[in-house]
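1. Sequence and predicted structure are below.
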2 protein chains.
Amino acid sequence: MINPEYVGFFAATLTTSAFLPQAYKIWKSRSAFGLSLTMYMVMATGTLSWLVYGLLIKSPSVIVANSISFSIILFIITFIVRSKK
Amino acid sequence: MINPEYVGFFAATLTTSAFLPQAYKIWKSRSAFGLSLTMYMVMATGTLSWLVYGLLIKSPSVIVANSISFSIILFIITFIVRSKK
């Protein structure tokens, strides 16, 4: 039987890296114009909740995936808030 | 001790609903102009892998969250592919 954590880390790599192009674009352009603060706040709360869930069920891949996603989303939110000033 | 599945379903509601405004916008405008097919293909493969992971570790919230997310992403991909024709 396949180790579920292999599948989990494969999934984690994909869903985490899906946020990277957006983060890179913000970093290069130094602007977060057009991005929805509401959407990213929902995403941040969601990934933080998944992180708590991962800790509760002791799932390494859920913990790692959502820690990284949450960090990237927090970075994006920082830029959106700065852009609004 | 709190039931982890409550946290999981709370997280699921948030991360799933984050895709809804995009799906709604596509449905209303009948256009997926500007959306990255690559990003949504990566997201689709990622959520499908999380779904397999959820089945392997028998986690109800991971299974439900990723089934719904995968369906919404598939809907978005259908429109992106149609737009490219």
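-> Sure thing, it's come through. Remember, predicted model here, so these are calculated numbers, not experimental data.
2. Could I get the contacting residues of the most centrally placed residue in chain A?
-> Most central in chain A under Cα atoms, centre = their mean is residue A:69, positioned 2.0 Å from the mean C-alpha point. Residues counted as contacts of residue A:69 (Cβ atoms under 8 Å, 6 or more residues apart in numbering or on different chains) are A:15-16, A:19, A:43, A:47. C-beta coordinates here come from the backbone N, C-alpha and C atoms, glycine included.
3. buried ones in the lowest-mean-pLDDT helix or strand in chain A?
-> Sorted by mean pLDDT, DSSP states H and E, the helices and strands of chain A end with helix A:20-29, the least confident at a mean of 88. Buried residues in helix A:20-29, counted by 16 or more other Cβ atoms under 10 Å in any protein chain shown: A:22-23, A:26.
4. For chain B, state which of these is nearest.
-> The nearest member of those to chain B, counting by Cβ to the nearest Cβ, is residue A:22 at 8.4 Å.
5. Assign the closest residue to that closest one other than its chain neighbours to one of the three secondary structure states.
-> Excluding the flanking residues, the one nearest residue A:22 by Cβ to Cβ, 6 or more residues apart in numbering or on different chains is residue A:76, at 6.5 Å. For residue A:76, the assignment made with DSSP: H, G, I helix; E, B strand; the rest coil gives helix.
6. which ones are touching residue A:76?
-> A:19, A:22-23, A:26, A:32, A:35, A:40.
7. what's the farthest-apart pair in the residues you listed?
-> The distance between the two most remote of these (Cβ to Cβ) is 13.1 Å, for A:19 and A:32.
8. ok, back up a step: how far does the least confident helix or strand of chain A sit from the chain's center?
-> 14 Å (Cα atoms, centre = their mean, to the nearest Å).
9. so where is chain A shaky, pLDDT-wise?
-> A:1, A:85 (pLDDT under 70).
10. can you do 90?
-> For chain A, the stretches flagged by pLDDT under 90 are A:1-2, A:18-27, A:29-36, A:39, A:83-85.
11. any idea which element the residue nearest to the centre of chain A lies in?
-> Element membership of residue A:69, judged by DSSP states H and E, is helix A:60-84.
12. Next, the angle from that helix to helix A:20-29.
-> Interaxial angle, helix A:60-84 versus helix A:20-29 (axes from the mean of the first three to the mean of the last three Cα atoms, to 10 degrees): 30 degrees.
13. If we go by neighbour counts, what in helix A:60-84 is buried?
-> Those would be A:61-70, A:72-73, A:76-77, A:79-80, for helix A:60-84 by 16+ other Cβ under 10 Å.
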